[in-house]
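>>> below: sequence and its predicted model.
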Number of protein chains: 2
Amino acid sequence: MNDRRTRLVQIKKIIRESHVSSQEQLLKLLDENGISVTQATLSRDLKMLNVSKISNEKEGYHYHLPSEKEEKEAEKYLVEDIARGFLSIEFSGNLAILKTLPGHANTVAIALDKLEGLPIIGTIAGDDAILIVLKENEREETVIDALVKRIPDLEHEL
Amino acid sequence: MNDRRTRLVQIKKIIRESHVSSQEQLLKLLDENGISVTQATLSRDLKMLNVSKISNEKEGYHYHLPSEKEEKEAEKYLVEDIARGFLSIEFSGNLAILKTLPGHANTVAIALDKLEGLPIIGTIAGDDAILIVLKENEREETVIDALVKRIPDLEHEL
DNA sequence: AAAAATAAAGAATATTTATTCACAAAACAC
DNA sequence: GTGTTTTGTGAATAAATATTCTTTATTTTT
């Protein structure tokens, strides 16, 4: 059933190499590569890949992959935001309180929300503290691990 | 008649500050700011601004401005591509031949085409030379001026 | 100043894209 | 195993967006 993986790879390749301007067109190009799906599926795929459609003087509308650089850059800023404001974190059951420098709570909370792969379901920020709700059945250790993995600077403080 | 300018500024501001997910929504936000147009016009505005629509895990679809950085970066690469390959340029009427390092013609030609504001209508690249067709009534001086303005590194060579 | 060219924009429409609904295959629980 | 949930998909449709066609205003040319 998992043609999706390979299809996503193909889609990226095609978008990278040709100037695709609609899902119909992409459909045909995929078809030529022996992959046949409907436009609905492509719409979902493009959403999943965070592909964007953009216009460009010379070339008209076309799809655009989020560049590695963009992705990494974006994440780098998030990580910096967290590291800059972080003071401490303490757990209690499926909750944690993360203390930050005054005024940093909001920034850090937003960054935590955006950073993917953390075992948390959400945050509520005050001014210098954030309430973090862990995912069902997650505990202190996994959260700390995930944080350290993503934000190396935190290692000393945890 | 030139509400367009001010409208474009407003649109950028709104897109930068709020999470807009459709032109209808943008329409309303503009309306609240006393600017009233139709969706058709917004579509053209967004095309003109090179705004892209992108999906994002957390926030769903939203518009995205090309960042200053992206714009400048993009242009920087073009400029570099040209400077790296450039050897000489010679004019004859409304034509010019630009000589490049072997194999660089294509890269340079693409960059010339993409770089906006040059008084040329097109290029044809071989391996180490490019035929450039100037715009009607443009001459050597204006092209050189435009090139030097955009590609400071070329000043010595021209 | 008239005539011609250009630029902006709305209304209607064509095109494109996202979503809803239904269903089937796979993974999971027991 | 059977029942349940999750995942992926297409068909149909809704929603969103781009374009065509037309009109009006503005600038340019003569």
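That came through fine.

>>> switch to C-alpha atoms for all contacts and neighbour counts from now on
Fine.

>>> please name the nearest non-neighbouring residue to residue A:153.
Spatial nearest neighbour of residue A:153, excluding adjacent residues (C-alpha to C-alpha, 6 or more residues apart in numbering or on different chains): residue A:83 at 6.5 Å.

>>> what helix or strand is the one you found on?
Following DSSP states H and E, one finds residue A:83 within helix A:68-85.

>>> tell me the mean pLDDT for that helix?
Across helix A:68-85, pLDDT averages out at 70.

>>> give me the contact list for the helix or strand that comes right after it.
Sequence order places strand A:86-92 as the next helix or strand after helix A:68-85, per DSSP H and E. With C-alpha atoms under 8 Å, 6 or more residues apart in numbering or on different chains as the test, strand A:86-92 has contacts from A:96-101, A:108, A:140, A:157-158.

>>> strand A:86-92: partners in the sheet, and parallel or antiparallel?
strand A:95-100 (antiparallel) (DSSP bridges).

>>> for the partner strand, what does the pLDDT average out to?
87.

>>> check which residues of that strand are buried.
Neighbour counts using 16 or more other C-alpha atoms under 10 Å in any protein chain shown place A:95-100 of strand A:95-100 among the buried residues.

>>> go on, stretch A:6-25?
Buried-residue list, stretch A:6-25, by 16+ other C-alpha under 10 Å: A:7-8, A:10-12, A:14-15, A:19-21, A:23.

>>> of these, closest to DNA strand D?
residue A:7 (7.6 Å; C-alpha to the nearest atom of the strand).

>>> lowest-confidence helix or strand of chain A?
Sorted by mean pLDDT, DSSP states H and E, the helices and strands of chain A end with helix A:68-85, the least confident at a mean of 70.

>>> which non-adjacent residue is nearest the residue of chain A found nearest DNA strand D?
Closest residue of chain A to DNA strand D, C-alpha to the nearest atom of the strand: residue A:37 (3.2 Å). Nearest residue to residue A:37, sequence neighbours excluded (C-alpha to C-alpha, 6+ apart): residue A:27, at 7.2 Å.

>>> so that neighbour touches residue A:36, yeah?
Yes: counting by C-alpha atoms under 8 Å, residue A:27 does reach residue A:36; the two are 7.3 Å apart.

>>> tell me the secondary structure for residue A:28?
Secondary structure, DSSP: H, G, I helix; E, B strand; the rest coil: residue A:28 is helix.

>>> where does pLDDT dip in chain A?
A:1-2, A:57-58, A:67-76, A:116-117, A:155-158 (pLDDT under 70).

>>> for residue A:84, what are its contacts?
Per C-alpha under 8 Å, 6+ apart, neighbours of residue A:84: none.

>>> ok, now how distant is it from residue A:149?
Distance of residue A:84 to residue A:149, computed by C-alpha to C-alpha, to the nearest Å: 16 Å.

>>> repeat that for residue A:112.
13 Å.

>>> which one's more surrounded, the two?
Each of residue A:112 and residue A:149 has its neighbours counted (other C-alpha atoms under 10 Å in any protein chain shown); residue A:112 has more, 21 against 12.

>>> mind checking the SS state of that one?
Going by three-state DSSP: residue A:112 is helix.

>>> check residue A:124 too.
What three-state DSSP gives for residue A:124 is strand.

>>> same deal with residue A:138?
Residue A:138 is classified as coil under three-state DSSP.

>>> tell me the phi and psi of it?
phi -90, psi 160 (degrees, to the nearest 10).

>>> and if you look at the one 10 residues further on?
The main-chain torsion angles of residue A:148 are listed as degrees, to the nearest 10 and equal phi -60, psi -40.

>>> burial check on residue A:124, number of neighbours?
14.

>>> and the furthest pair within the contacts of strand A:86-92?
A:101 and A:140 (21.8 Å; C-alpha to C-alpha).

>>> next to chain B, which bits of chain A? Give me the list.
Applying C-alpha under 8 Å from any C-alpha of the partner chain, we find that chain A lies next to chain B at A:47-48, A:50-56, A:58, A:114.
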